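Colleague: The following comprises the amino acid sequence and a computationally predicted model.
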Amino acid sequence: MLSMMLLSAVASADPQTDAVKGLIGRTIPERFVDSFELSLLPSSACGDGYSKCFKYDGKDGKVQLSGTTGVELSMAFYHYLKYTGNSVVSWPRTGGNQISFTNASSIPMPAAAVSQDREHEYSYYANVCTFSYSFVWYQESDWVREIDWMAMHGINLPLAYTGQEKVYQMVYNKLGVTDEQLGEFFGGPAFLAWARGQGLMEWGGPLPQSWIDGQFELQKKILSSMRAFGMKPVLPAFQGNVPVAMIDLYPKANISRVGKCENPTRSKYACAPWMDALDPLFNTTADLFMTTLIKEFGTDHVYAADGTFSPVAAPWYSEDNNQELVVSDDGGDIDQNAYAHSKAAYAGMTRTDPDAIWIYQTWSWLYGQKEPYMRGWISAVPTGKLILLDLMAEESPLYKKTQSYFGAPFIWCMLHDFGGNDGMWGDMKSVANGPVDAKNSGSTIVGTGLTMEGINQNALIYEMMNEMGYRTKNFSTSEWVSKYAVRRYGAHSTDAAAAWSVIGDTAYSCPGYSNMVSKDTITAIPSGTGWDKLSGSHWYNETVFCEAWGKLISASKDFTPTPETFKHDLADVTRQALAKYSTAVYNDLAAAINSGDVDKITAAGAKLIELGHDMDKVLSSVESFLFGTWLSASAKWGGGDAATSKLMVWNAKTQVTFWNYPQPSPSNETGPVNQIPGLMDYANKQWGGLMSTYYAGRWQFYINYIVEGIKAKKTFDVTQFHVALIDWYDKEWRGNESLVFPDHPIGDTVAIAKELYAKYAPLIMS
């Protein structure tokens, strides 16, 4: 039944109400669906100055829901669920849905009528990376659930990047590139986000034709479902990244390979070719791409393009160049080179679609981009036709540094997550205040958005952020968290409320975070550097957090049966407490290593290994933290073909661990590839199955390596260790087909949490 829901709404006068009725039936028991009456509102029904709104009320045992589009109608339903029904709808890997009245004889009635205007025009959703870190293995039924989640949380401007490789295949075939040559261009399924515009090629491939075709057909269903709710999907536009074969096919075109290409391995997987937007071939390719895209997928006239237009990668841009500057109407300098390339990129959309709106991530601008460049880029596009994503506004609001993007509209986005990491963190105060302050400051804000690299973590902070699309005033986060605890489990619990109050004041009071916040010592690379350096991240009193852990365990007595949301949260809090404690355990190991005493090293190392196995035990007790479900989902895309399934599983294993290819030694760029890659463990996951085999296994390998070196009186050499570690990874973990990862929960979460609390809480508290 779910497989039919993506698209087929029965024809009626109001197809959007049909879509919402289907959503309601998938969210609550079917017997309650007819208790809701649905209707669409004209914009005139909203408050003065607003074009979108939702309303609901109760009468004669029925709830009347209304909204200006299917999205607002879905928002009305979800607002009712939360604030009348004490229920919550969250991602499956964060515990899923908790509907408190599932076993009731009737639905609860609203205490009073609710009327809510939408504060901003847009609610944007997804990062280009989300399609690899989270959506990569989605089947049709997964997209049904995801789009339902979007609609209920108010998303009306979702990024829609699935299936574009088929469009590129059609385009490049016409330009003379063979399918074999495209195999050297497309990344593997788990790495497509970076092959689509961030310089990676072929890694994880070759991309099977079955995947290309399957994702293409899936995208059509995704788009139909999004449009059925009244959403405007954001499609990809041509960015300028091209296959290597284009260099030989079009020798006169201005195509440059970007990066250090001396090493053959790096040349194979990186150093991607980029076509200058001012080259005539760019126009030809862009027109062909847009024509094909719109023919196959239709359009809502909204497109995303970043890629080569970022000065981080663009071969045409260098801050060392003395770019020609002109003065704008408001007296600011404009970089003419940036202006010309932005204008050409936008023309690549409008020649085919004159109504095109360009969505642009300002990610690279966060790193000290000069004002003339940004002014040039923005001024090249007519006002209102370029919408900037202030990508990490909860931490680094760029609109404040650019006079509100020099008058261009922008969307206030929460990035929050890097690599789909699991740790509990967030800055609630920034989320609760930032969008409201931006609106009140007279800025050019036109929406709010979620631009996380990966979903399936920290449900609380995303639940709060999605409400900022309609909130007009700052509010008490402590009061909000207290109510969240009731909705999360369906009933009040004094202990649960106390636990979440502490969690809010600790884990979710994290100002100044970055991609390093989610890094913990237990999942760090021994002797690692870069993303993986052995520091862990500690910004709150972990003794106080441990008290919240105890309170949540005590709350287990208040829920019978135990909701899946509670099991997930208890496992998550247990994981968080132990992950932070791992730094102290490692410090003992480091001291032992410095002493050179083999017995002390072995004893201290055993405690770290034991901690990893204990974390694995609690994480394996809930489905939302299982590594096995990730692998099973990947294998399904093999379509029954053993070789294709094996490739999919290789991609799934590699992305959450090693990430990309080994790197050449910094001292010898053309030499052997033997270094830990800079992104290794960037997308680390603290999942059941991974903790015991990969992380604990890697620490055991390190300890053995140290002990054997001391016994042999060898000086530790980090490069030699990395070479050995890569070999262990390839043979003993990634290539070890005898390792089995269950895709179903094992054990009682509450009982395991109690056991681990009794074991570790006294150590954490001491």
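Modeller: Right, received. Where do you want to start? Residues are numbered from 1 along each chain as shown.

Colleague: which residues are in contact with stretch 554-570?
Modeller: With contact meaning Cβ atoms under 8 Å, 6 or more residues apart in numbering, stretch 554-570 is reached by 88, 90, 94-96, 98, 488-491, 493, 495-496, 499, 552-553, 621-625, 749-750, 753. C-beta: built from backbone N, CA, C; applies to glycine.

Colleague: Put the buried members of the residues you listed into a ChimeraX selection.
Modeller: In ChimeraX, this line selects whichever of these come out buried by 16 or more other Cβ atoms under 10 Å:
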select :88,90,94,95,96,98,488,489,490,493,495,496,499,552,553,621,622,623,624,625,749,750,753
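
Colleague: Just the contacts of stretch 554-570: which are in helices?
Modeller: Members of those lying in helices (criterion: DSSP state H): 488-489, 495-496, 499, 552-553, 749-750, 753.

Colleague: My understanding was that residue 418 contacts residue 457; is that so?
Modeller: No. Contact criterion Cβ atoms under 8 Å: residue 418 and residue 457 do not qualify, at 10.7 Å.

Colleague: Let's check: the centremost residue of the chain is which one?
Modeller: Closest to where the C-alpha atoms of the chain average out (Cα atoms, centre = their mean) is residue 454, at 1.9 Å.

Colleague: Contacts for the stretch of helix or strand residue 727 belongs to next, please.
Modeller: Using DSSP states H and E, residue 727 sits within helix 718-728. Helix 718-728 has contacts (Cβ under 8 Å, 6+ apart) with 525-527, 662, 665, 674-676, 698, 701-702, 705.

Colleague: and the residue nearest to the centre of the chain, what does it touch?
Modeller: 129-130, 133-134, 417-421, 683.

Colleague: Check residue 332 too.
Modeller: 371-372, 375, 406.

Colleague: who wins for neighbours among those residues?
Modeller: residue 375 (24 neighbours; other Cβ atoms under 10 Å).

Colleague: Can you read off the pLDDT for that one?
Modeller: The score at residue 375 is 94. That number is its pLDDT.

Colleague: Same question for residue 288.
Modeller: 98.

Colleague: is it true that it lies in a strand?
Modeller: No. Applying DSSP: H, G, I helix; E, B strand; the rest coil, one finds residue 288 to be helix, outside a strand.

Colleague: Would you agree it is in contact with residue 173?
Modeller: No. If you go by Cβ under 8 Å, residue 288 and residue 173 don't touch, sitting 10.5 Å apart.

Colleague: Which residue of the two possesses the greater neighbour count?
Modeller: Between residue 288 and residue 173, counted using other Cβ under 10 Å, the more crowded position is residue 288 (18 against 13).

Colleague: can you tell me which residues contact that one?
Modeller: Counting by Cβ under 8 Å, 6+ apart, residue 288 has contacts 171, 174-175.

Colleague: isn't there a strand covering residue 123?
Modeller: Yes. With three-state DSSP as the criterion, residue 123 is located in a strand.

Colleague: For it, give the beta-bridge partners.
Modeller: residue 448 (DSSP bridges).

Colleague: quick one: low-confidence parts of the stretch 451-600 of the chain?
Modeller: The model of the stretch 451-600 of the chain has pLDDT under 70 over residues 513-516, 528-536.

Colleague: can you list contacts of the helix or strand residue 756 falls within?
Modeller: Using DSSP H and E, residue 756 sits in helix 749-765. With Cβ under 8 Å, 6+ apart as the test, helix 749-765 has contacts from 542-543, 546, 549-550, 553, 556, 562, 567, 570-571, 574, 577-578, 581, 584, 614, 617-618, 621-622.

Colleague: Put the buried members of the residues you listed into a PyMOL selection.
Modeller: In PyMOL, this line selects whichever of the contacts of helix 749-765 come out buried by 16+ other Cβ under 10 Å:
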select buried, resi 542+546+549+550+553+556+567+570+571+574+577+578+581+584+614+617+618+621+622
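
Colleague: Can you list which of the contacts of helix 749-765 are found in helices?
Modeller: 542-543, 546, 549-550, 553, 567, 570-571, 574, 577-578, 581, 584, 614, 617-618.

Colleague: Share the number of residues neighbouring residue 563, please.
Modeller: Neighbour number of residue 563 under other Cβ under 10 Å is 21.

Colleague: Compute the distance between it and residue 570, please.
Modeller: 10 Å (Cβ to Cβ, to the nearest Å).

Colleague: for residue 406, same thing?
Modeller: From residue 406 to residue 570 the distance is 48 Å (Cβ to Cβ).

Colleague: that older thread, just the buried residues from the contacts of residue 288, in ChimeraX please.
Modeller: Remark: buried members of the contacts of residue 288, expressed as a ChimeraX selection using 16+ other Cβ under 10 Å:
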select :171,175
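
Colleague: which of the contacts of residue 288 lies closest to residue 225?
Modeller: residue 171 (25.7 Å; Cβ to Cβ).

Colleague: Take the host helix or strand of the closest one, keep the C-alpha atoms, and write them as PDB.
Modeller: Assigned by DSSP H and E, residue 171 belongs to helix 164-174. Extracted in PDB, the C-alpha atoms of helix 164-174 (Å, rounded to 0.1, in the frame of the first residue of the first chain):
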ATOM      1  CA  GLN A 164      20.000  13.500 -11.800                       C
ATOM      2  CA  GLU A 165      22.700  11.100 -13.100                       C
ATOM      3  CA  LYS A 166      20.300   9.800 -15.800                       C
ATOM      4  CA  VAL A 167      19.800  13.400 -17.000                       C
ATOM      5  CA  TYR A 168      23.600  13.800 -17.100                       C
ATOM      6  CA  GLN A 169      23.900  10.600 -18.900                       C
ATOM      7  CA  MET A 170      21.500  11.700 -21.600                       C
ATOM      8  CA  VAL A 171      23.300  15.100 -21.900                       C
ATOM      9  CA  TYR A 172      26.800  13.800 -22.000                       C
ATOM     10  CA  ASN A 173      25.900  11.000 -24.400                       C
ATOM     11  CA  LYS A 174      24.700  13.600 -26.900                       C
END
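
Colleague: packing partners for it?
Modeller: helix 179-182, helix 209-228, helix 280-297 (3 or more Cβ pairs under 8 Å, 6 or more residues apart in numbering; DSSP states H and E).

Colleague: among the contacts of residue 332, which two are most distant?
Modeller: 372 and 406 (11.0 Å).

Colleague: is it true that residue 404 touches residue 397?
Modeller: No. Using Cβ under 8 Å, residue 404 is not in contact with residue 397, being 10.2 Å away.
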